[in-house]
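S.K.: 3D, please:
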Amino acid sequence: MEDVPSTRGPPDQRQPPKESEGGPGTVGGISRDALSTVRTGEGARARLLFRNKESHVTRTKNNQCFSSETPAVGQVSHLTPSQASVLNRPVDQFVDFKLGACLALFLTAYCVQPLLVDALKFEGAASTSTCLYLIPHFLGMLCVIFTPNASRCSKAATACFQGPARRPLLQVRSLNLNLRAWRKAFFVAAIDLLHQLAEKAGLVLCGSGAYVLVSSSSIVWIAVLSAIMLQRHISVLQWLSLCLVCLGVSMKAFELTFELDNEECLGVFVTLIASVLQGLTFVVNESIMKSTAEPVTGPALVFMMGTICSSVLLAWTCVWTVPNFQILIADRVHERGGDPRRIALILLGLFCSGAVHSSTLWYIVKRLGAVTTGVLKGAKTASVFLLGHIFFCHLQPSQCLTPVKSMSAAVCIAGVVLYYLVTSWIPVESASTKASVGESGPNREK
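M.R.: Numbers count the residues shown, from 1 in each chain. All right, here's what the predicted structure looks like:
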């Protein structure tokens, strides 16, 4: 009997199998290509079975919205009630939920920011010349690059059938920046930076009463500039709601006495300029994001504005604040009995509120328009009146809530609700009109 060389044993003692009578390129009568195909198929089948098992376990652990079994094509009739409800759910519900969440986060951050600045002032670390309270706000604008990419709501239902997509909670957004986009951002950033500086300087010069009275005009400036620059039609009811908001914000000034001197007149003038600049900022943001010729996305615009403004303020800090740190910050914190740890927490809160504010503002402006975003300032003012009474009434008597302030908040909220109802009713009316025209025209001809 002829000896057959063994292919087992230690690696150094193994011998390759001899080619059989099938001819060269065969092993045991089977071609090497066929043998390789069989082995590859077995390995692929094993890997496929392992992958399906792993996918089933993962879906079970992650508690997906559907069952672990994925319905195949042609089996839609066997969907569970939860699967069918998601497929039948209109896409607008996903969009409305996202818009509502953005509005809630925006209003929260919008109301927290002035309260944190007040807290920083009572700690003695809010010198106007240092602009310390503006740096965390502009640095927070840079966080917009880490927000999740906006996914199409139409894919939300089908994503659940395709198993869990292991994606990080935050991911770096592709902004596609270019030189022309940076030029637009420089223009908007210059306006916004001047607005912030003028607004804080006007508050110091003219006092809170005149400041509230004059700064309330920013809502009207937004509407006027939107009508001029964006060719937007403002209805009579919308103008009425804007007047209610202005009246509600301005009523707080009625209980104050004005002593007009040169400094206060200068403060009123600076605050008026700040109001115009704020309205111009909102309108220019909307025009850039909705431009048909090379539009700039909201996150890209926010990121570039944050980069430019924070760079300018950090340079100012190195030139002015650091050399005068002892006089401008350290001595004042010691006089007010401030705590460095509380100051650090306040600055962190300003950073977080700035990040949330900037991450949601661009989406609200793009979806609802600049005027709606401006009306939110009225809601912020009403909320700040109440929260200022709760947190700072014992520290500053002017923060205490009075009947005039309560009436101001009520009128302001009425204006906000009226504007929301009017704005949400106009598209519905136009859509229904188009539908009725379509039904009475071509359908009848058929």
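S.K.: could you say what helices and strands the one helix or strand Ile364 maps to packs with?
M.R.: Using DSSP states H and E, Ile364 sits within helix 340-368. Judged by 3 or more CB pairs under 8 Å, 6 or more residues apart in numbering; DSSP states H and E, helix 340-368 is in contact with helix 91-122, helix 135-140, helix 262-289, helix 298-316, helix 370-392. Bear in mind the C-beta positions are built from the backbone N, C-alpha and C, glycine included.
S.K.: So which of the ones you listed is nearest Ser406?
M.R.: Of all those, helix 370-392 sits nearest to Ser406, with 8.1 Å by CB to CB.
S.K.: just to revisit the earlier point, buried stuff in the helix holding Ile364?
M.R.: Neighbour counts using 16 or more other CB atoms under 10 Å place 343, 346-347, 349-366, 368 of helix 340-368 among the buried residues.
S.K.: Let me know the angle separating that helix from helix 91-122.
M.R.: Counting by axes from the mean of the first three to the mean of the last three CA atoms, to 10 degrees, helix 340-368 lies at 150 degrees to helix 91-122.
S.K.: With respect to Met229, which of the helices and strands packed on helix 340-368 lies nearest?
M.R.: helix 262-289 (5.4 Å).
S.K.: tilt between the closest one and helix 340-368?
M.R.: 50 degrees.
S.K.: what angle sits between helix 262-289 and helix 298-316?
M.R.: Angle between the axes of helix 262-289 and helix 298-316 is 140 degrees (criterion: the same axes, to 10 degrees).
S.K.: OK, contacts around the nearest residue to Leu361 once chain neighbours are set aside?
M.R.: Closest residue to Leu361 apart from its sequence neighbours, by CB to CB, 6 or more residues apart in numbering: Phe106 at 6.3 Å. Contacts for Phe106 were tallied using CB atoms under 8 Å, 6 or more residues apart in numbering; they are Val356, His357, Thr360, Leu361, Ile364, Leu376.
S.K.: what about 7 Å?
M.R.: The contact partners of Phe106, taken as CB atoms under 7 Å, 6 or more residues apart in numbering, are His357, Thr360, Leu361, Ile364, Leu376.
S.K.: can you tell me how far the third one sits from Ile327?
M.R.: Computed with CB to CB, to the nearest Å, the distance linking Leu361 and Ile327 is 36 Å.
S.K.: do the same with the second one
M.R.: Here the criterion is CB to CB. By it, Thr360 lies 38 Å from Ile327.
S.K.: can I get the contacts of Phe106 in TSV with pLDDT and distance to Thr317?
M.R.: Formatted as TSV, the contacts of Phe106 follow (pLDDT from 0 to 100; distance: CB to CB, whole Å):
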residue	pLDDT	distance to Thr317
His357	81	21
Thr360	80	27
Leu361	73	25
Ile364	78	30
Leu376	74	30
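S.K.: Return the member of these nearest to Ser215.
M.R.: Leu376 (14.1 Å).
S.K.: and that closest one, how many neighbours?
M.R.: Residues contacting Leu376 under the criterion other CB atoms under 10 Å number 20.
S.K.: likewise Leu120?
M.R.: Leu120, neighbours per other CB under 10 Å, totals 22.
S.K.: nearest residue to it other than its sequence neighbours?
M.R.: In space, Leu120 is closest to Ala126, 4.4 Å off (CB to CB, 6+ apart).
S.K.: That neighbour against Val117, yeah?
M.R.: Yes: between Ala126 and Val117 there is a contact under CB atoms under 7 Å: 6.3 Å.
S.K.: Tell me how many other residues crowd Met289.
M.R.: Using other CB under 10 Å, Met289 has 17 neighbouring residues.
S.K.: how far away is it from Leu99?
M.R.: Applying CB to CB, the value for Met289 to Leu99 is 16 Å.
S.K.: Over to Arg336?
M.R.: Counting by CB to CB, the gap from Arg336 to Leu99 is 41 Å.
S.K.: Repeat that for Gly267.
M.R.: 37 Å.
S.K.: Looking at these two, which one has more neighbours?
M.R.: Gly267 (21 against 16).
S.K.: show me where the stretch 101-250 of the chain has strands.
M.R.: Applying DSSP state E, counting those that start in this stretch to the stretch 101-250 of the chain gives no strands.
S.K.: All the helices of it, residue numbers only.
M.R.: Here the stretch 101-250 of the chain has its helices, by DSSP state H, counting those that start in this stretch, at 135-140, 156-161, 179-215, 218-229, 236-250.
S.K.: could you give the mean pLDDT of the first one?
M.R.: Computed over helix 135-140, the mean pLDDT rounds to 89.
S.K.: swap in the second one?
M.R.: When the per-residue pLDDT values of helix 156-161 are averaged, the result is 43.
S.K.: first vs last residue of stretch 284-299, how far apart are they?
M.R.: 15 Å (CA to CA, to the nearest Å).
S.K.: Ok, stretch 319-328 next?
M.R.: End-to-end distance (CA to CA), stretch 319-328: 13 Å.
S.K.: Check which residues of that stretch are buried.
M.R.: Within stretch 319-328, the residues that count as buried by 16+ other CB under 10 Å are Thr321, Leu328.
S.K.: ditto for stretch 220-240
M.R.: Of the residues in stretch 220-240, those buried by neighbour count under the rule 16+ other CB under 10 Å are Val220, Trp221, Ile222, Ala223, Val224, Leu225, Ser226, Leu230, Arg232, Gln238.
S.K.: circling back: show me the contacts for the residue nearest to Leu120.
M.R.: Val117, Leu120, Leu132, Tyr133.
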